[in-house]
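Q: Pasted the sequence and its predicted model underneath.
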Amino acid sequence: MVVAYEARIVGGRPLTTRESLETRPFAPEEIPWPEIAFETSIRALRDWVARARPDLSLPVSSRTHRDHGA
C-alpha cells in the first residue's frame, strides 16, 4: 500500500535525512521523471499532475525510458 499526501508549504525549510540526501521543490512541468526511483512514486505524481495540470503531457512510465537505455 502506498499513501501520498498533498500539502501546502506554510513555513520553515526542507531538511535532508538518512533516507533523503536531497530535497527541493519542482513545478509540475519540471519533474525529473527518469530520476524517480520507485514506480509507486511515479504513479502518485502522475495522478497529481493529471489533476493539477491537465494541460501537461505525461510520460507513460519513467521506467520505460530508464530501463531501456533511452
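A: Sure, I can see it. Numbering: from 1, shown residues only.

Q: Counting neighbours, which bits of whichever helix in the chain runs longest end up buried?
A: If you go by DSSP state H, the chain has its longest helix at helix 39-52. Buried residues in helix 39-52, counting neighbours by 16 or more other Cβ atoms under 10 Å, are found at 42, 44-46, 49. (Each C-beta comes from the backbone N, C-alpha and C, glycine too.)

Q: Quick check, residue 2 in contact with residue 47.
A: No: if you go by Cβ atoms under 8 Å, residue 2 and residue 47 don't touch, sitting 10.9 Å apart.

Q: tell me the centre residue of this structure?
A: In the chain, the centroid-proximal residue (Cα atoms, centre = their mean) is residue 45; its distance is 4.7 Å.

Q: Please report how far it lies from residue 54.
A: 14 Å (Cβ to Cβ, to the nearest Å).

Q: thinking the residue nearest to the centre of the chain is in contact with residue 35, fair?
A: No: under the contact definition of Cβ under 8 Å, residue 45 does not touch residue 35, with a separation of 11.7 Å.

Q: Fine by me, thanks again.
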